[in-house]
Structure formats: C-alpha cells, structure tokens
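Novice: Based on what follows, work out the 3D shape:
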Amino acid sequence: MELALSLPRRRRPWSGLVRALTLHRSRRGLAALDDHMLRDIGLTRAEAEAEAERPLWDAPGHWQAR
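Specialist: Model prediction:
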C-alpha cells in the first residue's frame, strides 16, 4: 500500500512579483479597451480608468490569500 503525503505547498520567492506583473498587465489591458468592449463586459470608461489607476499593492483579496 502506498501512502500519499500532503506536504505544505512552498511559496516561490518570485510568486508575488509574478502576481504583481500580471495585475499590472491586466489593468493596463483594461484601460486599453474601447468603449464598445467595455460595454460588453459591463464597465464604463470611468470604472475602467479607476481600476487601471489603482496602486499595484491594491490587489484583489483572493490574490492575497495565497
């Protein structure tokens, strides 16, 4: 019989940087969408710009829980 061990997942030292860069890229992409595309996802230009201007450390809560 083989036992499966559940070891805690180690956090890679660069994972925070990768998440920050991904967030930055996503926000930059959101700001680049035209008004028609923003309407398709249910956002106004003002909401998209407000999201794009948020500071890098202001990440969604589920990103910080990792």
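Novice: Going by C-alpha atoms from here, please, whenever you check contacts or count neighbours.
Specialist: Noted.
Novice: what's the neighbour count on residue 12?
Specialist: Neighbouring residues of residue 12 were enumerated by other CA atoms under 10 Å; the total is 8.
Novice: Backbone torsions only: list them for residue 57.
Specialist: Main-chain torsions, residue 57, degrees, to the nearest 10: phi -80, psi -10.
Novice: roughly how far apart are it and residue 45?
Specialist: For residue 57, the distance to residue 45 equals 22 Å [CA to CA, to the nearest Å].
Novice: any weak-confidence spans in this structure?
Specialist: Judged by pLDDT under 70, the chain has its weakly predicted residues at 1-11, 62-66.
Novice: Go again with 50.
Specialist: For the chain, the stretches with pLDDT under 50 are 66.
Novice: and the most centrally placed residue in the chain, what does it touch?
Specialist: Of all residues in the chain, the one closest to the mean position by CA atoms, centre = their mean is residue 23, 3.9 Å from it. With contact taken as CA atoms under 8 Å, 6 or more residues apart in numbering, residue 23 is in contact with 56, 59.
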